[in-house]
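> Predicted model and sequence below, questions to follow.
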Amino acid sequence: MRLATAATLAAALACGAARAGEAIAPPASLVLDGVPPIAADLAAKIEPYTDFRAQRLLSWHPTRREMLVSRRLENTNQIHLVTEPGAKPEPLTDFRDPVNFARYEPAKGGYFVFLRAQGGNEVYRVFREDVATKVVTALSPEGERATEFEFARNGKIAVYATQLVDHANPQRKAVTSIHLLDPARPKTDRVAARLEGGGWAAFHFSEDNKRLVFLEYVSATESYLWVMDVATGRRARITPKPKSGTVFYGDARFTRDGRGVVTVSDGDGEFRRLVYLPISAGRPRVLTPRLNHDVEQFDISFDANRIAFVTNESGASVLRLMELASFKELPRPSMLQGVIRGLEWRRHSHEVAFSMSSAKSAGDVFSYDIDANQLTRWTNGNSPKVNTSAFAEPRLVKWKSFDGLEVSGFLYAPPSRFTGRRPVIVNIHGGPEAQARPDFIGRNNYFVDELGVAMIYPNVRGSEGFGKTWLALDDGRKREDSVKDIGALLDWIAAQPELDASRVMIIGGSYGGYMTLACAVHYADRIAGAVDVVGISSFVTFLEHTESYRRDLRRVEYGDERDPLMRDFLESISPLNHADKITKPLLVASGRNDPRVPYTEGEQIVANLKARGTTVWYIVAKDEGHGYAKKPNADFLFYAMAAFARETLLK
């Protein structure tokens with residue numbers, strides 16, 4: 001069979017067709033095992049669904065009405081400059097690996113700082129790029145993983161955090177170093193503190209630049225706030241440990257006078273609310289007591305005297321405004337419905353910017369001027385080759401689980417031209433504390449639009465957005481209760497006249513990959529196949545080999561494998577130890593440089609299944625980590641998923 005190179009395929013696409021019988025050659029970085037040739041005509045049909053360029057806000061310029069955004073250049077996301085609404089984004093970086101973080105120097109904008117890793121290893125390094133000369137200078141130490149970067153308002157001092165990565169000694173205890181420096185003078189870098197653990201994050205300066213407030217993250221339900229003196233490094237925790245249970249605190253910002261911070265907390269109930277917290281004396285004040293929804297993010301503008309914040313309401317985002325002086329909520333701006341990520345006020349203005357996506361939009365940057373009551377769209381990330389306005393809008397569906405709890409998810413139904421009972425793909429999110437939302441599903445629109453497959457994105461117990469009790473319902477020994485939620489979903493599918501319960505495929509990434517493998521174990525007689533992307537096959541080997549800066553955080557969620565009784569339990573629920581029950585075809589994808597879920601998690605389940613004669617397709621990307629960030633790799637993985645679905649689900 002003739003193999004079509006990328007150039008051959010591009011030429012075929014330009015002509016509108018690919019010759020029958022041709023197969024595409026995978027990128028050189030991919031190693032395939034058991035994957036049959038992928039037909040070029042299949043890739044040609046999918047190609048329009050791969051060309052979206054989602055755009056995300058990174059940073060306003062401090063003195064001009066222009067911004068930095070993240071956008072795919074060729075194969076990876078890079079930093080672009082957008083000089084005005086609707087202007088063509090101008091690329092400012094062009095690296096083999098993606099760049100998804102950047103901040104302008106906040107006084108004059110003479111340079112910006114960005115983070116970049118290599119090959120998906122997540123060992124990020126801090127760099128400075130001077131706007132006038134394009135010269136790039138490394139700021140953080142080589143070999144240390146930079147995780148945070150934040151400027152003080154005057155731009156003369158900044159903070160970042162690093163952790164030593166030691167692949168030869170994965171059991172090393174994690175230590176986080178807090179660095180302070182003037183990015184214009186890299187030699188000023190000094191370590192202000194060394195803190196045990198890998199959960200230190202969200203650093204912000206006070207207005208006088210003398211203190212830092214930051215977060216100690218213990219788990220999805222437990223965290224604390226600290227304040228540190230910049231000059232001396234002396235620090236103190238400002239949120240006490242509760243007498244019972246746990247409390248979550250999120251990102252915090254100092255008020256102008258420095259006497260308190262505004263943060264997000266669930267200390268007064270189920271949901272994460274906006275809270276004012278005095279630093280030295282006084283009781284916390286809940287600023288959004290009537291909102292029974294999580295406050296996901298906020299930003300403060302002393303120029304506009306406003307707090308902009310976003311609530312998560314049944315998965316959709318709602319932008320809200322609050323007067324800073326009185327903490328009085330103001331009328332909500334009229335907005336399009338979607339999912340908002342990123343929120344930043346422009347300096348010396350009354351304008352706030354954010355990124356927003358929806359079922360019909362891959363993701364664009366918008367701004368809202370509170371004086372003019374005007375919403376402005378800055379970018380267009382949709383593919384010109386497909387009509388996204390025809391994409392399916394998700395429908396919220398609910399079902400009862402084994403214990404009577406109501407579980408929900410989003411159903412993307414195929415167009416009405418597809419008649420009869422439709423096959424179903426269940427796509428399970430990772431985290432586990434992530435959340436499926438009424439969002440853009442990218443390449444997966446091909447399944448819905450072209451193959452007539454219904455897609456369901458469930459929010460099993462342990463998902464965010466439903467209160468802290470729900471968030472903890474899958475912790476430790478309750479792990480497989482979330483798997484049973486999928487069993488109940490299979491029952492619900494069987495009761496729907498438009499869905500075909502005999503043709504169901506499970507897909508999941510990361511923790512969703514574990515869920516996929518667990519479903520392949522428990523529901524082998526009820527599914528047609530499963531796709532595991534960078535998923536956990538054994539909790540014990542995962543916890544022993546995930547990077548040290550993550551290990552203790554994951555032990556809180558899954559259990560401590562060093563405890564003999566917990567180890568026995570984790571072994572008892574790990575799909576690797578029940579591989580004999582996996583009888584339906586499986587597609588597994590791994591990243592060779594994955595620091596979170598090592599590629600060996602995929603390798604060991606594949607080896608076990610191959611030895612048993614079970615059909616398994618295996619893809620390893622030598623230049624990727626926790627997920628495929630490079631477009632050629634991601635495209636080929638999806639081509640393989642589509643071919644796998646045709647072979648297992650649609651026959």
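Yep, that arrived. Numbers count the residues shown, from 1 in each chain.
> in what helix or strand does N382 lie?
N382 belongs to no helix or strand when assigned by DSSP states H and E.
> Now for it, how many residues are close by?
Applying the criterion other CB atoms under 10 Å, we find 21 residues in the vicinity of N382. All C-beta atoms are positioned from the backbone trio N, CA, C, and that covers glycine.
> how far away is it from A87?
In this view, N382 and A87 are 17 Å apart by CB to CB, to the nearest Å.
> now swap in I605 and tell me
Taking CB to CB, one finds I605 at 48 Å from A87.
> more neighbours, the two?
The residue with more neighbours, out of I605 and A87, is I605; 29 against 12, by other CB under 10 Å.
> For the stretch 501-650 of the chain, just list every one of the strands.
Per DSSP state E, counting those that start in this stretch, the stretch 501-650 of the chain carries strands over the ranges 529-533, 586-591, 616-621.
> Of those, which is nearest F298?
For F298, the closest of the strands of the stretch 501-650 of the chain is strand 529-533, at 32.4 Å, according to CB to CB.
> Just want the angle from the closest one to strand 616-621.
20 degrees (axes from the mean of the first three to the mean of the last three CA atoms, to 10 degrees).
> ok and strand 529-533 relative to strand 586-591, angle-wise?
10 degrees.
> What is strand 529-533 packed up against?
strand 499-509, helix 511-522, strand 586-591, helix 631-648 (3 or more CB pairs under 8 Å, 6 or more residues apart in numbering; DSSP states H and E).
> so it versus helix 631-648, what angle?
160 degrees.
> The strands of the stretch 501-650 of the chain into CSV, with extra columns for mean pLDDT, mean neighbour count and distance to R503?
Formatted as CSV, those follow (pLDDT from 0 to 100; neighbours: other CB atoms under 10 Å; distance: least, CB to CB, whole Å):
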stretch, mean pLDDT, mean neighbour count, distance to R503
strand 529-533, 98, 27, 10
strand 586-591, 98, 28, 16
strand 616-621, 98, 23, 19
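> Format these as CSV; extra columns: distance to P26.
Converted to CSV, the strands of the stretch 501-650 of the chain look like this (distance: least, CB to CB, whole Å):
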stretch, distance to P26
strand 529-533, 16
strand 586-591, 12
strand 616-621, 8
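> about what we covered before: could you point out which of the helices and strands packed on strand 529-533 sits nearest Y618?
strand 586-591 (5.1 Å).
> tilt between the closest one and strand 499-509?
Using the same axes, to 10 degrees: strand 586-591 against strand 499-509 is 20 degrees.
> Compute the first-to-last residue distance for stretch 420-432.
34 Å (CA to CA, to the nearest Å).
> Okay, buried residues for that stretch please.
Across stretch 420-432, burial judged by 16 or more other CB atoms under 10 Å covers R422, P423, V424, I425, V426, N427, I428, H429, G430, G431, P432.
> where do the helices sit along the stretch 301-450 of the chain?
Taking DSSP state H, counting those that start in this stretch as the criterion, the stretch 301-450 of the chain carries its helices at 445-451.
> Which residue ranges of it form strands?
306-313, 316-323, 339-345, 351-358, 361-369, 374-377, 395-400, 406-412, 422-428.
> quick check: angle from the last one to strand 529-533?
Taking the same axes, to 10 degrees, one finds that strand 422-428 is oriented at 30 degrees with respect to strand 529-533.
> Neighbouring strands - and their directions - for strand 422-428?
strand 454-459 (parallel), strand 499-509 (parallel) (DSSP bridges).
> pLDDT (mean, whole number) over it?
Taken as a whole, strand 422-428 carries a mean pLDDT of 98.
> Which residues does that strand contact?
Here strand 422-428 makes contact (CB atoms under 8 Å, 6 or more residues apart in numbering) with 413-414, 436, 444, 447, 452-458, 460, 486, 489, 493, 498-501, 503-508, 512, 515-516, 519, 528, 645, 649-650.
> ok now stretch 558-578, how far from the chain's centre?
Its chain's C-alpha centre and that of stretch 558-578 lie 27 Å apart, by CA atoms, centre = their mean, to the nearest Å.
> Likewise for stretch 554-563?
22 Å.
> Does D266 touch V275 like I think?
No. Look at D266 against V275 with CB atoms under 8 Å: they stay out of range, at 9.4 Å.
> give me phi/psi at D485?
Here is the backbone geometry of D485 (degrees, to the nearest 10): phi -60, psi -30.
> can you pull the contacts of it?
D485 neighbours (CB under 8 Å, 6+ apart): S401, F402, L405, V407, P458, V460, R461.
> so which pair among the residues you listed is furthest apart in space?
F402 and P458 (14.2 Å).
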